[in-house]
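Asker: Sequence first, then the predicted structure:
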Amino acid sequence: MDVDEHGNKRVFQRLGASYDSGKQQKVCYHWRAGRCNKFPCPYLHRELPGPPPQQHHQFISNGSSSKRPNQGVPDDRDRSFSGARRNPNFNPTWGRVYGGGAGNRAQGGGPGNRVFRKIEKLCNFWLQGNCSFGDKCKFLHSWSVGDCFSSLTQLEGHQKVVSGIALPSGSDKLYTGSKDETVRIWDCQSGQCTGVVNLGGEVGCMISEGPWLFVGIPNVVKAWNTQNNSELSLNGPVGQVYALVVGNDLLFAGVQDGAILIWKFNAVSNCFEPAASLPGHTLSVVTLVVGANRLYSGSIDHSIRVWNLENLQCLQTLTEHTEVVMSLLCWDQFLLSCSLDGTVKVWVAKEGGNLEVTYTHKEEQGVLNLCGMHDSEAKPVVLCSCNDNTVRVYDLPSFSERGKIFARAEIRAIHAGPGGLFFTGDGTGLVRVWNWSTTEAAAPAPAPA
């Protein structure tokens, strides 16, 4: 058995056999340590892939439509992002594969894994459409780096930051919400905007569950059934609604006054009835996630609270972050949290049940959002949006960087779609549609208009 110096099974052994017949089916030990100088090297300069991926859908295709993205690719392998499963045989090597850490940039992808490195900064002249250096420019002429994903199209229309993206079940329409007080509806086949809903208040968040679309705005949660076009207004919030999540047949809302409001759907009356309110946070609740029969809430008060979904009691308060807790994500038996303090913390439950930090990943910038999904080889990745207008793409659990996405303003919304699609929305109001690439290199983006 191939183990590291800590006695842990190496990650590639858990990902399955390789389908690459061009090299010996063994990962280069020196490459993993970051010091291989052989070219060509007879061993692999990448981790062994998982099983072949499913056929992915195109956002704009020959009559096909996108189905609901349920936190990533909707099949069994995606359950690793749906909650904290207790798997005693799963012992990941957090941050140690490839040497670990944020400073270890992705180097591979093509033959020999040799990639020409440019300064990871967008060319200002290219942004204005008049760079005279062309391919010889030392700065980037692309909205992304890395060959594992590519941009399909962009959706323009919002005038302010995009704060929510959703694709309800059974719908061929993509919904985006913005602080310009509108929700836009996009046709998944043509990419055209087919409708604009004026809400009269900034959109703080947006999710979909089944056919329902939930939108948080100041002092109310709007609920639309996209199948029968019914509309409900859920009153009770005081101030902006920053976070929404569904779990245990309950709808939870994180509100500006620090409360977490709960509604339960009544099928007989076809309405959502107030069920409870969870006090505890002293400032706004800005992120919620459900996993392992627990509700996790993150707040501007720098804390994370853990709630029992059955009796709605607070089980634990986590205070290791020193700034606003911006986003939470469940992966396998782990909870990931990110903060404006520039860290992503990985939490695991110990024998007594309480969560403790098992690994801390550091960024040079504050981290705004986390989104988990799988790449084209079915390997888990996490997208980390930072307040330097970038999104870093990392393998899990190694936190080895796979690529980076750039934007003109902060990317506040990331949404995993079906069949390898994902979406980003930035501070200018632009929504981009991306897909995980199966080719060796992604085509460069055209110069901006």
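Answerer: That came through fine.
Asker: C-alpha from now on. contacts and neighbour counts both.
Answerer: Will do.
Asker: Give me the buried positions along stretch 165-179.
Answerer: 165-169, 171-179 (16 or more other Cα atoms under 10 Å).
Asker: Now the helix or strand harbouring Leu315: average pLDDT?
Answerer: Under the criterion of DSSP states H and E, Leu315 resides in strand 314-318. Strand 314-318 shows a mean pLDDT of 97.
Asker: With just CA atoms, put it into PDB.
Answerer: C-alpha atoms of strand 314-318 as PDB (Å, rounded to 0.1, in the frame of the first residue of the first chain):
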ATOM      1  CA  CYS A 314     -27.900  25.100  19.300                       C
ATOM      2  CA  LEU A 315     -25.200  22.400  19.900                       C
ATOM      3  CA  GLN A 316     -22.000  24.300  19.500                       C
ATOM      4  CA  THR A 317     -20.600  27.800  18.700                       C
ATOM      5  CA  LEU A 318     -17.400  27.900  16.700                       C
END
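Asker: could you measure the residue nearest to Ser297 when sequence neighbours are not counted against Gly403, distance?
Answerer: Closest residue to Ser297 in three dimensions, ignoring its sequence neighbours and counting by Cα to Cα, 6 or more residues apart in numbering: Leu288, at 4.6 Å. According to Cα to Cα, to the nearest Å, Leu288 and Gly403 sit 27 Å apart.
Asker: Equivalent analysis for His281, please.
Answerer: Separation of His281 from Gly403 (Cα to Cα) stands at 35 Å.
Asker: Kindly report the same for His158.
Answerer: Relative to Gly403, and taking Cα to Cα, His158 is found at 27 Å.
Asker: Hmm, Ala166 and Ser208 touching each other?
Answerer: Yes: using Cα atoms under 8 Å, Ser208 is in contact with Ala166, at 5.7 Å.
Asker: coming back round to it: tell me which of Leu288 and Gly403 has more neighbours.
Answerer: The neighbour comparison of Leu288 against Gly403 (other Cα atoms under 10 Å) goes to Leu288, with 25 against 20.
Asker: For stretch 276-288, could you pull out the residues that count as buried?
Answerer: Buried residues in stretch 276-288, counting neighbours by 16+ other Cα under 10 Å, are found at Ser277, Leu278, His281, Leu283, Ser284, Val285, Val286, Thr287, Leu288.
Asker: Same check on stretch 355-371?
Answerer: The neighbour-count criterion (16+ other Cα under 10 Å) identifies 355, 357, 360-363, 365-371 as the buried residues of stretch 355-371.
Asker: quick check: mean pLDDT across it?
Answerer: For stretch 355-371, the mean pLDDT works out to 97.
Asker: Start and end of that stretch, how far apart?
Answerer: Stretch 355-371 has its terminal residues 21 Å apart, counting by Cα to Cα.
Asker: quick one: contacts of it?
Answerer: Identification of contacts with stretch 355-371 by Cα atoms under 8 Å, 6 or more residues apart in numbering yields 94-95, 101-102, 318, 326-329, 337-350, 382-388, 399, 412-416.
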